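[1] Turn this into a model:
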Amino acid sequence: MFFLWSVSAKSRSKMETGRLVVERVGGKSVVTRCFSKYPLKFIVPNKAGRSEIDAVWIYTLTYGGGIVSGDCISFDLTIDDDCTAVLTTQASTKVYKSVALKCSEQMMEARVGSGSLLVVIPDPVTCFSTAKYSQKQVFRIMSGSSLLVVDWITSGRHESGEKWDFTLYKSTNHIYMEAKPLFLDTVLLENGNVTSIAERMKDYQVIAMVILLGPKLKDIQNQIQEDVKKMMSEQLHVPSTRERTKAINGDGYTKPSLIASCNSFGPKGIGVVVRIAATTTESVYSFLHCQLSGMEPMLGLRPYL
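    Residues are numbered from 1 along each chain as shown. The predicted structure follows:
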């Protein structure tokens, strides 16, 4: 059973807004305010995962199954002290074709209280041919907050022959700790006159970024750094003379299907950012499922199961 909040709408062309508040009530994390306006909708299950786990799961979706050209979606999320909340999706976020060069936009601003954990784990964005899409996520956290953010995009609808065929994709993630900038990042993919996105991306069909920070995620940060280092050292080692001979003969040396880098940021390495490029969406799902499996005791469910 689901609780469903939505307000049907007037026009897609106007700025749409939503608001969610999670507070601690009776010793548990509870959604105390939930408002959304078409085309945005929130679904909050009565319980996701094991009943003894204190975590609220929130699903975002749009009417029509995607973001239409010219849509402007904006919502705020407030997580009170000592709460746990998961923001996710039921499927990939589809961005439809641009009409009259209009750009679709989505903006989220989240405030995360002390001792709280916010987990943002959507399915990937999939932009249709000619689509123009820009999103921005701003996170305002405290020194004791914990945050996990997954932000990723696929090359498009492979079954329709679309690979990196959209016009513009821009994704901005800003994190402020107690009002001071901690992490500022923008990914921009734009089809230009000189080279196309497809030419620059070569065989890779997915790019992703994972941000982990805060005390509740320290063990997972350490593990993912070790795993990425080991995985890349095995896949990107300097080939021996024999391996180079095989590569020249087309006899075995192949490009990795998934490559990743891992770096710490912030004071005393409080945060870790992982960047991924992969040839298939399935390989990224598998990577995320494996690396984030340690979240299950905190969330009641394993991310990307």
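[2] Ramachandran angles for the nearest residue to E296 once chain neighbours are set aside?
    Using CB to CB, 6 or more residues apart in numbering and skipping the chain neighbours, the partner closest in space to E296 is R302 (4.4 Å). Heads up, the C-betas are built off the backbone N, CA and C, glycines and all. Phi and psi for R302, reported as degrees, to the nearest 10, are phi -90, psi 130.
[3] can you pull the contacts of R302?
    By CB atoms under 8 Å, 6 or more residues apart in numbering, the contact list for R302 reads 289, 292-293, 295-296.
[4] So which of those residues is the closest to R275?
    Among those, L292 lies closest to R275 (CB to CB), at 15.7 Å.
[5] Does the residue nearest to the closest one when sequence neighbours are not counted belong to a helix, a strand or coil?
    Spatial nearest neighbour of L292, chain neighbours left out: P303 (4.3 Å); criterion: CB to CB, 6+ apart. Three-state call for P303 (DSSP: H, G, I helix; E, B strand; the rest coil): coil.
[6] P303 against V119, yeah?
    Yes - using CB atoms under 8 Å, P303 makes contact with V119 at a distance of 7.3 Å.
[7] more crowded one of the two?
    Remark: of P303 and V119, V119 carries more neighbours, 24 against 19, as counted by other CB atoms under 10 Å.
[8] Show me what the helix or strand containing V119 is packed up against.
    Assigned by DSSP states H and E, V119 belongs to strand 117-121. Applying 3 or more CB pairs under 8 Å, 6 or more residues apart in numbering; DSSP states H and E, one finds that strand 117-121 contacts strand 84-89, strand 104-112, strand 146-154.
[9] can we see that at 10 Å?
    If contacts are counted by 3 or more CB pairs under 10 Å, 6 or more residues apart in numbering; DSSP states H and E, strand 117-121 sits against strand 56-62, strand 72-79, strand 84-89, strand 104-112, strand 132-141, strand 146-154, strand 206-213, helix 296-299.
[10] Which neighbours in the sheet does that strand have, and how are they oriented?
    When pairing is defined by DSSP bridges, strand 117-121 lines up against strand 84-89 (parallel), strand 146-154 (parallel).
[11] for the residue nearest to L292, what are its contacts?
    Residues counted as contacts of P303 (CB atoms under 10 Å, 6 or more residues apart in numbering) are 86, 88, 119, 121, 148, 150, 288-289, 291-296.
[12] if we can go back for a sec, pipe the contacts of R302 into TSV and attach distance to S104 per row.
    TSV is the format used below for the contacts of R302 (distance: CB to CB, whole Å):
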residue	distance to S104
H289	29
L292	28
S293	33
M295	30
E296	34
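[13] where exactly do the strands run in the stretch 201-305 of the chain?
    206-213, 258-265, 271-278 (DSSP state E, counting those that start in this stretch).
[14] Can you tell me which of the ones you listed is packed in deepest?
    strand 206-213 (a mean of 23; mean count of other CB atoms under 10 Å).
[15] Can you give me the distance of the residue nearest to L292 to S92?
    P303 is 15 Å from S92, where distance means CB to CB, to the nearest Å.
[16] What is the burial count for T84?
    Here the number of neighbours of T84 (other CB under 10 Å) works out to 24.
[17] A55 is in contact with that one, correct?
    Yes - contact criterion CB atoms under 10 Å: T84 and A55 qualify, at 4.3 Å.
[18] which residues do the two both contact?
    22, 28-29, 117, 119, 298-300.
[19] from these, which is closest to L217?
    L117 (7.8 Å).
[20] Show the contacting residues for that closest one.
    L117 sits in contact with 29, 55, 79, 82-86, 145-148, 214-217, 295, 298-299, where contact means CB under 10 Å, 6+ apart.
[21] Mark which of those residues are buried, thanks.
    Buried subset of the contacts of L117 (neighbour count, 16 or more other CB atoms under 10 Å): 29, 55, 79, 82-86, 145-148, 214, 216-217, 295, 298-299.
[22] In a markdown table: the strands paired with strand 117-121, plus distance to T62 and mean pLDDT.
    Shown next, in a markdown table, are the strands paired with strand 117-121 (distance: least, CB to CB, whole Å; pLDDT from 0 to 100):
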| stretch | distance to T62 | mean pLDDT |
| --- | --- | --- |
| strand 84-89 | 10 | 98 |
| strand 146-154 | 17 | 98 |
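[23] biggest helix in the chain by residues?
    helix 218-235 (DSSP state H).
[24] Residues contacting that one, please?
    For helix 218-235, using CB under 10 Å, 6+ apart, the contacting residues are 146, 148, 210, 212-214, 217, 254-264, 269-272, 274-276, 287, 290-295, 298.
[25] Many thanks, have a good one.
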